[in-house]
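Visitor: predicted coordinates and the sequence they were generated for:
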Amino acid sequence: MDFNTVLQRRYSCRAFSPDSVEQEKVDRILEAGRIAPTAVNKQPVHVWAVTNPETLDAIKGVTRSNYGAPLLLVVGCRPADAWVRRYDGKNGAEVDASIVATYLMLAAENEGLATLWVGSFDPALLKGILPGTDGYELVAMINVGYPADGSAPSAMHGSRIAMDEFVTKS
């Protein structure tokens, strides 16, 4: 799929089909996240790919944004391993995790899948469910799957600020 088409088609899906995602697609999506750029290539990011129905069911208790996706990608970062900007001490871990999450979502769209970035969740509860999360800051939960019949972008999807408000040219 043409990259600009991927960008234009991707929307926040809030209704997923129960159909599972083929492993080959999952592998390509995860590879896209793995090769995403991070500051100084430190790669302080980890992804938990959740498909187990019992685990997905348990995770329903950490957020109200549950829409039946058969795949959940949880993106976390380890601030202790990240690049830090010397001028003001800004830690790049969360930015790196956000870049990885964006690559995951765009790769999923390229595979014909829908996504939803969930930022509203209880990270302490999620850490209690997912193994290996100690030392990580959990940044995003990404629902991934085939959109359910009738799924469509929200009314606000196409609303964007004007270009002259978005960018300053000098």
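Guide: Structure received. Numbers count the residues shown, from 1 in each chain.
Visitor: C-alpha coordinates for the longest helix anywhere in the chain, CSV please?
Guide: Ranked by residue count under DSSP state H, the longest helix found in the chain is helix 93-110. Extracted as CSV, the C-alpha positions of helix 93-110 are listed here (Å, rounded to 0.1, in the frame of the first residue of the first chain):
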residue,chain,number,x,y,z
ALA,A,93,12.4,6.9,26.7
GLU,A,94,8.7,7.9,26.4
VAL,A,95,9.3,9.6,23.0
ASP,A,96,11.1,6.5,21.8
ALA,A,97,8.1,4.3,22.9
SER,A,98,5.8,6.7,21.2
ILE,A,99,7.7,6.4,17.9
VAL,A,100,7.7,2.6,18.2
ALA,A,101,3.9,2.6,18.9
THR,A,102,3.3,4.8,15.8
TYR,A,103,5.4,2.4,13.6
LEU,A,104,3.3,-0.5,15.0
MET,A,105,0.1,1.2,14.2
LEU,A,106,1.1,2.2,10.7
ALA,A,107,2.5,-1.3,9.9
ALA,A,108,-0.9,-2.7,11.1
GLU,A,109,-2.8,-0.4,8.8
ASN,A,110,-0.5,-1.5,5.9
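Visitor: burial measure for residue 111, as a count.
Guide: 19 (other CB atoms under 10 Å). Just so you know, the C-beta spots here come from the backbone N, C-alpha and C atoms, and that holds for glycine as well.
Visitor: please tell me how far the residue lying closest to it once chain neighbours are set aside sits from residue 47.
Guide: Sequence neighbours aside, residue 25 is the residue nearest to residue 111 in space, at 4.5 Å (criterion: CB to CB, 6 or more residues apart in numbering). From residue 25 across to residue 47, the span is 15 Å (CB to CB, to the nearest Å).
Visitor: what's the answer for residue 157, then?
Guide: 26 Å.
Visitor: so between those two, which is more surrounded?
Guide: residue 47 (19 against 11).
Visitor: the helix or strand hosting that one pairs with which strands, parallel or anti?
Guide: Assigned by DSSP states H and E, residue 47 belongs to strand 45-50. The pairing partners recorded for strand 45-50 under DSSP bridges are strand 71-77 (antiparallel).
Visitor: can you give me the helices in the protein?
Guide: So, for the chain - with DSSP H - the helices run 3-9, 23-34, 53-59, 93-110, 123-129, 163-166.
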